[in-house]
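Enquirer: Need the 3D shape of this:
(one chain, ligands or ions: 2)
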Amino acid sequence: MKDRKTFHGRTVLMILSLLFLMTGCSSGTTGYSHSFFAMDTYMKVEVWGEDGEEICQALEEEIERVEQKISVTDPDSDVSRLNASQGEKCSVDDELFYILRESLEIGQATGGALNISLYPLSQAWGFSSSASGYRVVPEDERQEILKLCDCSQIQLNSEDRTVVFPQGMAVDFGAVGKGYVTDTCANILRDNGAERALLQLGGNIYAMGTKENGKEWRVAIQDPSAEAGQNGAVLGSVSVKDKAVVTSGPYQRYFEEGGIRYHHILDPATGAPAENGLLSVTIISESGLLADGLSTGLFVMGLEKGIEYWKNQNQAEVVWMTDQGELWVTEGLKDAFQAAEGLQINWVSR
Ligand code: ADP
Ligand code: MG
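Expert: Ligands and ions are numbered 1, 2, ... in the order given. Sure thing, here's the model as predicted:
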């Protein structure tokens, strides 16, 4: 119990400095930036254009609005109300209904790897901020809790916008919330005539428009391998326009006990942290919600199943980093992805 270590903030600092690198060249029309803490993470929004300052403000308010609705730790949120429904039918608004439906769909498409009903399990491990501390959850207890984590038990009724699930069940949008709000923020940027913008919501990046010189933004992807992670090294970068770039990895939040590292992305098949030889998965997609859901889902699935998933859809491109230091990249990124020096790319094709 003594050698516990926790970690959360380092990644954020590194991503911060990376974004600096990328946006350093955007002089010209004035850019406004705004940094704040929300959804349990550090956030920074940068907006260029006449109304940049007001738009930055509107983005922060939008993120706070969505957080208040979907936070599991805020007892007044709509999600907390749903989680307290105790098996009774619960009315939700269109927005929460949409997030639920989309998340369940990504869950199905990933063979259950993305599972929004893992909240009781996250709590048991101590990964929820409402929990009292980290703890290695023993096998029998995991199996017992997993009985409450069956998404097929969640009934959505689109006619009257109601939701019913069994007593004891609880949903949590930790894996998709920042992605969802990325999409609503992108709408605000468009509706208010922003020229260009960069959003950094924790590990979720969204790049709108192009740089001043008309070229696409280059978003750096952190190298998650142990030594490299210490010095802010990157595994590569991807050039994008109007796209979300979302990375999930075990290095984002973990604790150590008895020399073993336990991280926050849980495998619904075992109830324990997903261990499948991956260090990180990055998803590039027009949809922030999809990118976020898939970054978590494909991390759980591992490389092989993830490749199979990618082959059967056309809405997302993927970059995988394995614990052997291998880089796998889907061929839709042929023109957009650049690997760091010395790293070889294994191209994934259909
Ligand atoms: P982060 O929020 O750190 O950027 P992710 O998007 O990968 O990372 O989401 C991880 C969070 O999602 C966890 O902290 C937990 O709340 C929740 N979670 C963990 N495992 C799963 C899973 N298999 N399916 C859905 N949600 C999960
Ligand atoms: Mg995610």
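Enquirer: Pull up the residues of the chain that are close to ligand 1.
Expert: The chain has residues 113-116, 118, 122, 127, 172, 174-175, 202-203, 248, 252-253, 264-266, 268, 292, 295-296, 300 near ligand 1, with proximity defined as CB under 6 Å from any ligand atom. In this view, the C-beta of every residue, glycine as well, is placed from N, C-alpha and C.
Enquirer: Can you flag which of these belong to strands?
Expert: residue 248 (DSSP state E).
Enquirer: So the residue in the stretch 151-300 of the chain that ligand 1 sits nearest to versus residue 31, what's the distance?
Expert: Here the residue of the stretch 151-300 of the chain nearest ligand 1 is residue 174; by CB to the nearest ligand atom that distance is 2.6 Å. The gap separating residue 174 from residue 31 is 30 Å, by CB to CB, to the nearest Å.
Enquirer: Looking at those two, which has the bigger crowd around it?
Expert: Set residue 174 next to residue 31 and count neighbours by other CB atoms under 10 Å: residue 174 wins out with 24 against 19.
Enquirer: Now do the contacts for that one.
Expert: 72, 122, 128 (CB atoms under 8 Å, 6 or more residues apart in numbering).
Enquirer: Can you show me the helices along the stretch 201-350 of the chain?
Expert: 226-230, 288-311 (DSSP state H, counting those that start in this stretch).
Enquirer: and of those, who's closest to ligand 2?
Expert: Among the helices of the stretch 201-350 of the chain, the nearest to ligand 2 by CB to the ion is helix 288-311 (3.6 Å).
Enquirer: what's residue 114 sitting at in phi/psi?
Expert: Main-chain dihedrals, residue 114, degrees, to the nearest 10: phi -90, psi 120.
Enquirer: can you count the residues close to the nearest residue to it once chain neighbours are set aside?
Expert: Distances taken as CB to CB, 6 or more residues apart in numbering put residue 297 closest to residue 114, at 3.6 Å, once the chain neighbours are dropped. Residue neighbour count, defined by other CB under 10 Å, stands at 29 for residue 297.
Enquirer: wait, residue 297 sits on residue 116?
Expert: No. Using CB atoms under 8 Å, residue 297 is not in contact with residue 116, being 10.7 Å away.
Enquirer: Which residues are in contact with each of the two?
Expert: Residues touching both residue 297 and residue 116 (CB under 8 Å, 6+ apart): 107, 175.
Enquirer: before we move on, the earlier item: ranking the helices of the stretch 201-350 of the chain by burial, who's on top?
Expert: helix 288-311 (a mean of 24; mean count of other CB atoms under 10 Å).
Enquirer: Just checking the distance from it to the centre of its chain.
Expert: Centre-to-centre, helix 288-311 and its host chain are 11 Å apart (CA atoms, centre = their mean, to the nearest Å).
Enquirer: okay, that helix in PDB with CA atoms only?
Expert: Extracted as PDB, the C-alpha positions of helix 288-311 are listed here (Å, rounded to 0.1, in the frame of the first residue of the first chain):
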ATOM      1  CA  GLY A 288     -15.500  14.700 -31.600                       C
ATOM      2  CA  LEU A 289     -17.900  12.300 -29.900                       C
ATOM      3  CA  LEU A 290     -17.000   9.500 -32.200                       C
ATOM      4  CA  ALA A 291     -13.300  10.200 -31.900                       C
ATOM      5  CA  ASP A 292     -13.500  10.200 -28.100                       C
ATOM      6  CA  GLY A 293     -15.600   7.100 -27.800                       C
ATOM      7  CA  LEU A 294     -13.400   5.200 -30.300                       C
ATOM      8  CA  SER A 295     -10.100   6.300 -28.600                       C
ATOM      9  CA  THR A 296     -11.300   4.600 -25.400                       C
ATOM     10  CA  GLY A 297     -13.000   1.700 -27.200                       C
ATOM     11  CA  LEU A 298     -10.100   0.900 -29.600                       C
ATOM     12  CA  PHE A 299      -7.700   1.100 -26.700                       C
ATOM     13  CA  VAL A 300      -9.600  -1.600 -25.000                       C
ATOM     14  CA  MET A 301      -9.900  -3.700 -28.100                       C
ATOM     15  CA  GLY A 302      -6.200  -3.900 -28.800                       C
ATOM     16  CA  LEU A 303      -4.400  -3.600 -32.200                       C
ATOM     17  CA  GLU A 304      -5.900  -6.600 -34.100                       C
ATOM     18  CA  LYS A 305      -9.500  -6.000 -33.300                       C
ATOM     19  CA  GLY A 306      -9.100  -2.300 -33.700                       C
ATOM     20  CA  ILE A 307      -7.800  -2.800 -37.300                       C
ATOM     21  CA  GLU A 308     -10.800  -5.000 -38.000                       C
ATOM     22  CA  TYR A 309     -13.100  -2.300 -36.700                       C
ATOM     23  CA  TRP A 310     -11.400   0.400 -38.900                       C
ATOM     24  CA  LYS A 311     -11.800  -1.700 -42.000                       C
END
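Enquirer: and that helix, what does it pack onto?
Expert: Contact analysis of helix 288-311 by 3 or more CB pairs under 8 Å, 6 or more residues apart in numbering; DSSP states H and E lists helix 94-109, helix 177-191, strand 204-208, strand 243-248, strand 278-285, strand 316-322, strand 327-330 as its packing neighbours.
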